[in-house]
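Visitor: Sharing a model that was predicted from the sequence below.
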Amino acid sequence: MRVVDLIKNTDKTAFSFEVLPPLKGTGIEKLYKDIDTLQEFCPKYINITTHRSEYVYHELGNGLFERARLRRRPGTVAVAAAIHNKYGITTVPHILCSGFSREDTEYVLLDLQFLNITDLLVLRGDKAKHESTFTPEPNGPSHALELAEQINDFNRGVFVDGSPVKVTNTPFSYGVACYPEKHEESPNMEQDIYWLKKKVEAGAEYAVTQLFYDNRKYFEFVQKVREAGINIPIIPGIKPLRKKSQLTVIPKTFKVDIPDELVQEALKCETDEATEALGTEWCIQQCKELIAHGVPSIHFYSVGAVDSIKQVAKAIY
Ligand code: FAD
């Protein structure tokens, strides 16, 4: 079932979360344990992130280094299928421009079609760690919009080389990302919303926000996108604060502000447990306010935060 239908056909605010594929060489058991922890709250769907390969350098012992490519977290498609089979929950793999050519993506789409996994989150992806700006792969898309257009072509029965896709099953449906505090590369919010609208016109059925800690930013953003004529669900993405070190890591990684009130309270915490309790309580209040405003769904960024999310879900569902 498509995500937009899953979040519409519900009498209360829907619950969903995102998981990361296990690190290369580790098993899937920990991931299952995390899902088991959150399953009682009836997630409508589970997202599986995708991670591009990076360059790593191996010392050769003669003063020289050898450069090799490494994907630390492969397996998005297999993890999506494994979760779907084990739990019977809709899975939403992330599809990226970053690190993938159009042909690579076509093979991913074919695998997903065989597996009957047809809900996607379409993203540009993060730049490689060694890059200062995002660089697409040769014959790779530069923006999520171009990736969405490739998926539309696939749905229409056309491969990247123009030849026909002979077997067409349920078409892929997809959501995209959006940024209540603006994407870091965008010159201003208006430009960012302009490109969001293009993604919607291409076929995005909903958008999931970057994480945020100040609901006012979300409410203002939703108002602006509505004024721009964007009417799809804007699903808030939420992550509870857990450690004092995140006060600097989160703004650097996700380009978002943490409200001063939360920062001041976190600075007073003497242990990680105290910070986690504070972050959980902040998150509960955030979610309660979002629900009171009638958001269709709340999407949780669960990495490293499963136990906090369980506390939040207990309080709000
Ligand atoms: P785009 O929509 O391509 O936008 C990128 C920038 O270009 C924006 O500034 C936009 O305004 C501008 N822009 C958009 N289209 C055009 C155009 N056609 N011409 C000119 N400018 C344009 N990253 C991962 O690597 N893996 C993941 O699994 C992952 N999951 C995520 C899930 C969510 C919910 C979110 C919010 C982010 C996720 N990210 C992930 C991070 C995301 O890939 C980065 O934020 C990335 O920098 C931008 O992705 P996008 O899809 O928003 O890009």
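Guide: Everything's here; your move.
Visitor: contacting residues around stretch 274-289?
Guide: Residues outside stretch 274-289 that contact it (Cβ atoms under 8 Å, 6 or more residues apart in numbering): 213, 215, 238-244, 262, 265-266, 269, 298, 308, 311-312, 315-316. C-beta coordinates here come from the backbone N, C-alpha and C atoms, glycine included.
Visitor: What average pLDDT does it get?
Guide: Across stretch 274-289, the average pLDDT comes to 98.
Visitor: sorry, back to before: which of the contacts of stretch 274-289 count as buried?
Guide: Among the contacts of stretch 274-289, those classed as buried by 16 or more other Cβ atoms under 10 Å are 213, 215, 238-242, 244, 262, 265-266, 269, 298, 308, 311-312, 316.
Visitor: Let's see which of those residues end up in helices.
Guide: Per DSSP state H, helices hold the following members of these: 215, 262, 265-266, 308, 311-312, 316.
Visitor: In terms of distance to V79, which of those ranks first?
Guide: Using Cβ to Cβ, S308 comes nearest to V79 of those, at 22.3 Å.
Visitor: Now that closest one. Nearest residue, chain neighbours left out?
Guide: The shortest distance from S308 to any non-neighbouring residue, by Cβ to Cβ, 6 or more residues apart in numbering, is to P240 (4.1 Å).
Visitor: That neighbour reaches K310, doesn't it?
Guide: No: counting by Cβ atoms under 8 Å, P240 sits too far from K310 to count as a contact (10.3 Å).
Visitor: who touches both of the two?
Guide: By Cβ under 8 Å, 6+ apart, no residue touches both P240 and K310.
Visitor: what residue of this protein is the furthest out?
Guide: N62 (42.2 Å; Cα atoms, centre = their mean).
Visitor: Quick one, grab the pLDDT at it.
Guide: 86.
Visitor: Residue numbers of the stretch 1-150 of the chain in contact with the ligand?
Guide: Contacts of the stretch 1-150 of the chain with the ligand, taken as Cβ under 6 Å from any ligand atom, map to 49-50, 94, 96, 98, 123-126, 143-145.
Visitor: meant to ask about the stretch 201-317 of the chain, not that
Guide: When proximity is defined as Cβ under 6 Å from any ligand atom, the stretch 201-317 of the chain approaches the ligand at 208, 210, 237.
Visitor: Backbone torsions only: list them for the first one.
Guide: Backbone torsions for V208, taken as degrees, to the nearest 10, come to phi -110, psi 130.
Visitor: Tell me how many other residues crowd it.
Guide: 24 (other Cβ atoms under 10 Å).
Visitor: what sits against it?
Guide: V208 is in contact with 121, 175-178, 235, 237, 299, counting by Cβ under 8 Å, 6+ apart.
Visitor: how near is L31 to the ligand?
Guide: With the distance defined as Cβ to the nearest ligand atom, to the nearest Å, L31 ends up 15 Å from the ligand.
Visitor: my hunch is that S142 is in a helix, does that hold up?
Guide: No: counting by DSSP: H, G, I helix; E, B strand; the rest coil, S142 is not part of a helix but coil.
Visitor: Next up, the contacts around the closest residue to A207 other than its chain neighbours.
Guide: Nearest in space to A207, with sequence neighbours left out and distances taken as Cβ to Cβ, 6+ apart, is C178 at 4.1 Å. Contacts for C178 (Cβ under 8 Å, 6+ apart) come out as 192, 196, 207-210, 221, 225, 234.
Visitor: Just to check, S186 is in contact with Y194?
Guide: No: taking Cβ under 8 Å as the definition, S186 is not a contact partner of Y194, at 9.1 Å.
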